[in-house]
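> pasting the structure only:
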Ligand code: NDP
Ligand code: 8X3
């Protein structure tokens, strides 16, 4: 198989789990993120376990020049073999009322979750268009469907992802490019550690008293959606832990 899947945020959580499940099924992987040590570690694991090719690209999705330079550095053969883009890199930073919000936190979320997703999409879409097929997965969130206390700017960025998924679907349908919005509820990855700026106790407390999703749950769903026949598209999926009824209603034992 010569097909490549391009994964942003492949150094942990959903992105890393996606890399494994696609590799297990014979896909070649373009793994991206900012942490070079993690890129190397995940890449080595993939190469040792599966008979596939792995390309790693280290860049910050917020930096347009870095995004374009990194993608340009791939060989023409690899670029033209990209069939799936998983726009997964993203984060929440902080959680609290709007009036006490930290501007730098807001900018990090807006620049990563919205602008970064746009920069990568713009750079990859020409290759999907050329192939007259392809599939883009955007990692939205239940926070892109509902708003919860203290979620303000993060929720706004994920609502933007939801809107962009709908817009991309309209703009790219003529090229037979599928667009799927994935909207998970609470999943135990590095997400909360990042959100609470390294405070492990607060991060762990998010998942106390109920069974959260794990990265594998999301990766399995994405792989299932990606492996439907060409004439079938799954547009939008909300995936929740059974204990979570809505963004703000969690049944904790
Ligand atoms: P993780 O923190 O485990 O992974 C986030 C990934 O994004 C990392 O690989 C990180 O790589 C990458 N990333 C973050 N910022 C940048 C950046 N500026 N440039 C490049 N890469 C970046 O979190 P999850 O796996 O949980 O999150 C993945 C996506 O899913 C996010 O978009 C998140 O908002 C969304 N989501 C998460 C949920 C959850 O409860 N966990 C629920 C719903 C949606 P590196 O640090 O190496 O750059
Ligand atoms: C992450 C899930 O509920 O913390 O997108 O916003 S939540």
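Alright, I've got the coordinates. If you're wondering where the values come from, they're calculated on a predicted model, not measured in any experiment. Ligands and ions are numbered 1, 2, ... in the order given.
> Quick check: pLDDT value at the most centrally placed residue in the chain.
Nearest to the geometric centre of the chain sits residue 88, at 1.2 Å (CA atoms, centre = their mean). pLDDT for residue 88: 99.
> Next, give phi and psi for it.
When read as degrees, to the nearest 10, the backbone of residue 88 gives phi -110, psi -30.
> Check whether it really touches residue 17, as I assumed.
No: Residue 88 lies out of contact with residue 17 (CB atoms under 8 Å); the separation is 9.9 Å. Any C-beta I mention is one placed from the backbone N, CA and C, and that applies to glycine too.
> near ligand 1, which residues of the protein show up?
8-15, 33-35, 38, 60-62, 88-91, 112, 116, 139, 141, 184, 186-187, 189-191, 194 (CB under 6 Å from any ligand atom).
> near ligand 2 too, which of these?
Okay, of the residues of the chain next to ligand 1 touching ligand 2 (CB under 6 Å from any ligand atom), that's 141, 186.
> so where do the strands sit in the stretch 51-200 of the chain?
Per DSSP state E, counting those that start in this stretch, the stretch 51-200 of the chain carries strands over the ranges 54-58, 82-87, 134-139, 177-184.
> Show me what the shortest one packs onto, helices and strands only.
In this case it means strand 54-58. strand 28-33, helix 36-49, helix 64-72 (3 or more CB pairs under 8 Å, 6 or more residues apart in numbering; DSSP states H and E).
> how about JSON lines for those, with distance to residue 147 and mean pLDDT added?
Converted to JSON lines, those look like this (distance: least, CB to CB, whole Å; pLDDT from 0 to 100):
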{"stretch": "strand 28-33", "distance to residue 147": "29", "mean pLDDT": "98"}
{"stretch": "helix 36-49", "distance to residue 147": "32", "mean pLDDT": "98"}
{"stretch": "helix 64-72", "distance to residue 147": "29", "mean pLDDT": "98"}
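> Please identify the most buried of these.
Of all the helices and strands packed on strand 54-58, strand 28-33 has the most neighbours on average by mean count of other CB atoms under 10 Å, namely a mean of 25.
> can you list the residues of this protein near ligand 2?
Residues of the chain lying close to ligand 2 by CB under 6 Å from any ligand atom are 141, 142, 143, 151, 185, 186, 247.
> Of those, keep whichever come out buried.
For those, a burial check counting by 16 or more other CB atoms under 10 Å picks out 141, 142, 143, 151, 185, 186, 247.
> related to what we said a few turns ago, list the contacts for the residue nearest to the centre of the chain?
Residues in contact with residue 88 (CB atoms under 8 Å, 6 or more residues apart in numbering) are 7, 8, 9, 10, 14, 15, 18, 137, 139.
> hmm, 7 Å instead?
By CB atoms under 7 Å, 6 or more residues apart in numbering, the contact list for residue 88 reads 7, 8, 9, 14, 15, 18, 139.
> residue contacts, the first one?
In this case it means residue 7. Contacts of residue 7 (CB under 7 Å, 6+ apart): 15, 18, 19, 29, 30, 31, 32, 86, 88.
> for it, phi and psi?
Per degrees, to the nearest 10, the backbone of residue 7 is at phi -120, psi 120.
> which residues pair with it across the strands?
residue 31, residue 86 (DSSP bridges).
> do the same with the last one
Using DSSP bridges, the beta-bridge partners of residue 139 come out as residue 182.
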